[in-house]
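S.K.: below are the sequence and a predicted model for it; my questions follow.
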Amino acid sequence: MSLRALKPGERLKPAELPPVSRMDLIKYSGASGDFNPIHTIDEAAKKAGLPGIIAHGMWTMGNLGKLFTPYYEAGYIEKFTVRFSGMVFLGDRLTLTARLKHSAEGRQTFETDAVNQDGVKVIKGEVVFKLFSP
Amino acid sequence: MFEELIGKRSSTVWNTIERGAVKKFADAIGDPHPIYIDPVFAANAGLKNNVAPPTFPVTFDYGTIEGLELPKAGLIHGEQGFEYKRPLYVGEELLCWSVLEKYQERKGKLGEMGFLFIKKVAEDESGEIVMTSTQIIIISETVRKGMKA
């Protein structure tokens, strides 16, 4: 579907992620350079007062961004802002959604979030997508 | 405790957007789309090269702000934003730096918390700012007190 045809209130195709695995977080640590051990090593997480290792907020944000990747031939993300509102643990199943709020002057503003299997929002944010001139 | 560092800029560092690093990053966020990876796909899409994922700038080195020492543990990433003038392309060189924009302390769930507002900037080879990221880092009261000690 083309982004231009999207009407306010309509959603992009949502994504359901497989349960978060330790390997996901090990890979993200390596690719991002963020080796904070609370994301990969149980003892470090426990020492920090957490019930277990938690995902990097930026891993979740990175995943959220992929809702927009199919549209990069039509434009690019001009602005992507999020608030990390909940922690993501191993085994969590996240659903990613984006809904068009409004569009004007070649820019489309989406509200976007990631929700876990219990319906808790772990990230909420906004994306402004700038369309290339036709 | 960070007030005297507000407005202080870091050193600058040149970063290269490496093809292999983009591919690994795209894989790690579960988004191995050809727009990031396949040069032929990018050319057919009318782009001058593959682009970097929007959160890829977390991998850049933004220099160090002299005197800004953060604890290794106990920091909370509260908010994050990226703003782009244009997409970033594989192969380009960016001059990156950072600045502490603001510091506040206020009462919250974790006692008297500290909020660091850090801005990170990437300029292209012509000196134009092409990407700005903003980050709010939260320091709990316990960790803050530990730092003073």
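M.R.: Arrived safely, thanks for sending. Residues are numbered from 1 along each chain as shown, chains lettered A, B, ... in the order given.
S.K.: quick check, central residue of chain A?
M.R.: Here the mean C-alpha position of chain A is nearest to the C-alpha of residue A:64 (C-alpha atoms, centre = their mean), at a distance of 2.2 Å.
S.K.: how about residues contacting stretch B:128-136?
M.R.: Defining contact as C-beta atoms under 8 Å, 6 or more residues apart in numbering or on different chains, one finds that stretch B:128-136 is touched by A:81, B:57-58, B:77-86, B:88, B:94, B:101, B:115-124. For glycine as for every other residue, the C-beta is placed from the backbone atoms N, C-alpha and C.
S.K.: which stretches of the chain form strands?
M.R.: Just so you know, I chose chain A. Secondary structure of chain A by DSSP state E: the strands cover A:15-16, A:75-84, A:95-104, A:107-115, A:121-131.
S.K.: you looked at the wrong chain, it should be chain B
M.R.: With DSSP E, the ranges of strands along chain B come out as B:13-16, B:75-84, B:93-108, B:111-123, B:129-139.
S.K.: who are the neighbours of the fourth one, in terms of helices and strands?
M.R.: The reference is to strand B:111-123. Helices and strands in packing contact with strand B:111-123 are listed as strand B:93-108, strand B:129-139, helix B:141-148; criterion 3 or more C-beta pairs under 8 Å, 6 or more residues apart in numbering or on different chains; DSSP states H and E.
S.K.: same thing with the second one?
M.R.: Using 3+ C-beta pairs under 8 Å, 6+ apart as the contact criterion, the secondary-structure elements in contact with strand B:75-84 are helix A:57-65, strand A:75-84, strand B:129-139.
S.K.: with respect to burial, which of these scores highest?
M.R.: Taking mean count of other C-beta atoms under 10 Å in any protein chain shown as the contact definition, the stretch among the helices and strands packed on strand B:75-84 with the greatest mean neighbour count is helix A:57-65, which reaches a mean of 25.
S.K.: for residue 9, the count of nearby residues, please.
M.R.: Just so you know, I chose chain A. 9 (other C-beta atoms under 10 Å in any protein chain shown).
S.K.: let me rephrase: I mean chain B.
M.R.: Each residue near residue B:9 was counted by other C-beta under 10 Å, and the total is 14.
S.K.: same check on residue B:17?
M.R.: As a burial measure, residue B:17 scores 22 neighbours (other C-beta under 10 Å).
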